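Participant: Could you work out the structure for the sequence below:
(2 chains)
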Amino acid sequence: MSRYSVLSLIANALTGQTGWKPAWRDATPKPAYDVIIVGGGGHGLATAYYLANEHGIRNVAVLEKAHIGSGNAGRNTTIIRSNYLLPGNEPFYEWSMKLWEGLEQDLNYNAMVSQRGIINLFHSDGQRDAYARRGNAMRLAGADCELLDRAQVKALCPFLDFDNSRFPIKGGLMQARAGTARHDAVVWGYARAADRLGVDIVQNCEVTGFIREGDAVVGVETTRGAIRAGKVGLAVAGSTSRLTRLLDLRLPIESHALQAFVSEGLKPLVPGVITFGMGHFYVSQSDKGGLVFGGDIEGYNSYAQRGNLPVVEDVAEGGMAVMPLIGRLRMLRAWGGLVDMSMDGSPIIDVGPLPGLYLNTAWNYGGFKATPASGWCFAHTIAKDAAHAFNAAFRLDRFRSGHIIDEKGVGAQPNLH
Amino acid sequence: MRITCPYCGARSSHEFAYLGDAAPTRPDPSAPDAAEAFHAYVYERDNPAGPMDELWYHSAGCRRWLKVTRDTRTHAITAVAFAGTGEAAR
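Facilitator: Next up is the predicted model:
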């Protein structure tokens, strides 16, 4: 398969665009693989790519129950950032940010990574101190950030309501390297790059059971037959409990619904990503011009991939409070994803808990930005049977040992993270 | 989504606060396996895709705790009762 380049573009233009090949093969499953990754979303495909590219493990299959990128990879708000506080989290997300910055060259695919910045607004002295502390933690981990005062935020986002009586804007924490990427292109780029290295991408192949030898997991039963594997990795986000139930495992996660919305298209307005945490609202503008915005999760267990009207109302109220002009816009679409909320709000990338099984789950409402590092670390964990330093804290047994990573400090209540 | 409170009648879910799965019960702290039992009680969940008993609090209404049986795949509610007494709507 040819590389994408200016030369291939010109050559195909001269030959009537007849020379393009499918970006990946629609593979038929083989009876056995070295590694099976369950879940053809961004995380699963990235894992397969890094297994092949970084660790030379190329006899790999990615099994997807529908078509690739049809779950949360196609249901997010495409924000990439590394503005976390805790030492277990921040180095991982900063590594993800660095992988985003080199992703397109690495994959030879335009993922439309656009580093237009993120601003977390603050409204009080106490919140300013909290963001200053977060900014210092980010810098200690090698990330960039800048504490903006009110005038600096106003210069960037003059359309915000700076004198709201309850939440007047006092400034914001800005990470200039943050931004957005094109969600489908990330999936397709990883799929194409993994396929070129020999990975089989098997679609319409739902895992219905596991093949066991004693305690060990040695393969999967699927709607396209049994497939054996030396190692089985799960990267299925909100559907994780559905699969681990088949193994009699109970995990520290709950599945919840998270909605997002997009408005009609506008001329360039919002410079980057703006988060209004006090009002449960965040917004960015897509390259097509629509405002992409969202808020809190629904707050109750759900596998429905859709939300309800109270959250629509809540998000609209938050938007009107901080950015009154959105009241003039029409909402074009809303959608819901199935997020895997964990008991401390942080992810799990770990070996086990059964021999031959590897877990990648608990991404909460923030899995998209983690896609490259999640795949990179999960591939390392599967290849070496041990975590990399970047995901060393994302252990399943941290809830037993007490080493939880609770960014918000709300405890074991998944709907509050 | 509307929840039929046994006391207040059918109300918007916005009036209620959600605690979660009604199945975990507080273990005996003096039992020899208390540490393990509390780990399961606090952190581990069945997280079923299908019917589930869960606890909702009618915070903007009668302020009673309710046990609601709801299908997590469709959000359809099939039963509501007071959590303490098990008494359903009359």
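
Participant: Thought residue A:227 was touching residue A:218, still the case?
Facilitator: No: applying C-beta atoms under 8 Å, one finds residue A:218 not in contact with residue A:227, separated by 10.3 Å. To be clear about C-beta, it is placed using only N, CA and C from the backbone, and glycine gets the same treatment.

Participant: higher neighbour count, the two?
Facilitator: Counted by other C-beta atoms under 10 Å in any protein chain shown, residue A:218 and residue A:227 do not tie: residue A:227 has more neighbours, with 23 against 18.

Participant: Now do the phi/psi pair for that one.
Facilitator: phi -130, psi 130 (degrees, to the nearest 10).

Participant: Can you name the residues of chain B sitting close to chain A?
Facilitator: Within chain B, the residues that sit near chain A (C-beta under 8 Å from any C-beta of the partner chain) are B:1, B:12-14, B:18, B:20-21, B:39-40, B:42-49, B:52, B:54, B:70, B:72-75.

Participant: Now, of these, which are buried?
Facilitator: B:1, B:13, B:18, B:20, B:39, B:43-45, B:47-49, B:52, B:54, B:70, B:72, B:75 (16 or more other C-beta atoms under 10 Å in any protein chain shown).

Participant: List the contacts of residue B:45.
Facilitator: Under the criterion of C-beta atoms under 8 Å, 6 or more residues apart in numbering or on different chains, the contact list for residue B:45 reads A:241, A:250, A:251, A:252, A:253, A:254, B:20, B:21, B:24.

Participant: Please apply the same query to residue A:90.
Facilitator: Contact analysis of residue A:90 by C-beta under 8 Å, 6+ apart lists A:82, A:84, A:137, A:138, A:140, A:141, A:143.

Participant: Now intersect the residues you listed with the helices, please.
Facilitator: Of the contacts of residue A:90, the ones assigned to helices by DSSP state H are A:137, A:138, A:140.

Participant: Render the CA-only coordinates of stretch A:46-55 in CSV, please.
Facilitator: Taking C-alpha atoms only, stretch A:46-55 is exported to CSV below (Å, rounded to 0.1, in the frame of the first residue of the first chain):
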residue,chain,number,x,y,z
ALA,A,46,-3.6,2.1,18.7
THR,A,47,-2.7,-0.9,20.9
ALA,A,48,-2.4,-3.1,17.9
TYR,A,49,-0.4,-0.5,16.0
TYR,A,50,2.1,-0.1,18.8
LEU,A,51,2.3,-3.9,19.4
ALA,A,52,3.4,-4.2,15.8
ASN,A,53,5.5,-1.1,15.5
GLU,A,54,7.2,-0.9,18.9
HIS,A,55,7.4,-4.5,19.9
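
Participant: And the contacts of that stretch?
Facilitator: The contact list for stretch A:46-55 (C-beta under 8 Å, 6+ apart) reads A:35, A:37, A:57-58, A:60, A:62, A:107, A:190, A:193-194, A:197-199, A:201, A:233, A:235, A:360, A:371-372, A:374-376, A:378-380, A:382-384.

Participant: Same question for stretch A:221-231.
Facilitator: In contact with stretch A:221-231 (C-beta under 8 Å, 6+ apart) are residues A:28-36, A:61, A:63, A:65, A:202, A:204-211, A:218-220, A:356-358, A:382.

Participant: repeat that for 6 Å
Facilitator: With C-beta atoms under 6 Å, 6 or more residues apart in numbering or on different chains as the test, stretch A:221-231 has contacts from A:29, A:32-36, A:205-209, A:218-220, A:356, A:382.

Participant: just stretch B:64-73 next, same as before
Facilitator: Residues contacting stretch B:64-73 (C-beta under 6 Å, 6+ apart): A:301-303, B:22, B:49, B:51-54, B:56-58, B:77-83.

Participant: quick one: the helices in chain B?
Facilitator: For chain B, applying DSSP H gives helices covering B:34-43.

Participant: show me what contacts the residue nearest the centre of it?
Facilitator: The residue lying closest to the centre of chain B (C-alpha atoms, centre = their mean) is residue B:55, at 1.7 Å. Contacts for residue B:55 (C-beta under 6 Å, 6+ apart) come out as B:19, B:22, B:83.

Participant: any idea of the pLDDT on it?
Facilitator: Residue B:55 carries a pLDDT value of 97.

Participant: quick one: it and chain A, what's the gap?
Facilitator: 11 Å (C-beta to the nearest C-beta, to the nearest Å).

Participant: Drop anything exposed from the contacts of residue A:90.
Facilitator: For these, buried by 16+ other C-beta under 10 Å: A:82, A:84, A:137, A:138, A:141, A:143.

Participant: tell me which of the residues you listed is nearest to chain B?
Facilitator: residue A:84 (21.7 Å; C-beta to the nearest C-beta).

Participant: Can you give me the distance of the residue nearest to the closest one when sequence neighbours are not counted to residue A:179?
Facilitator: Spatial nearest neighbour of residue A:84, excluding adjacent residues (C-beta to C-beta, 6 or more residues apart in numbering or on different chains): residue A:90 at 4.5 Å. As judged by C-beta to C-beta, to the nearest Å, residue A:90 and residue A:179 stand 18 Å apart.

Participant: Equivalent analysis for residue B:42, please.
Facilitator: 38 Å.

Participant: now residue A:28
Facilitator: 38 Å.

Participant: Looking at the two, which is more packed in?
Facilitator: residue A:179 (23 against 10).

Participant: Run a quick check on the more buried one versus residue A:119, I expect a contact.
Facilitator: No: using C-beta atoms under 6 Å, residue A:179 is not in contact with residue A:119, being 11.7 Å away.

Participant: Can you list the low-confidence ranges for the chain?
Facilitator: Answering for chain A, as no chain was given. Within chain A, the segments meeting pLDDT under 70 span A:1.

Participant: could you do chain B instead?
Facilitator: Regions of chain B meeting the criterion pLDDT under 70 cover residues B:89-90.

Participant: Most remote residue from the middle of it, which is it?
Facilitator: Here chain B reaches farthest from its C-alpha mean at residue B:32, the gap being 28.3 Å by C-alpha atoms, centre = their mean.

Participant: quick one: the strands in chain B?
Facilitator: B:2-5, B:9-12, B:17-21, B:51-57, B:65-71, B:77-82 (DSSP state E).

Participant: Alright, calling it a day.
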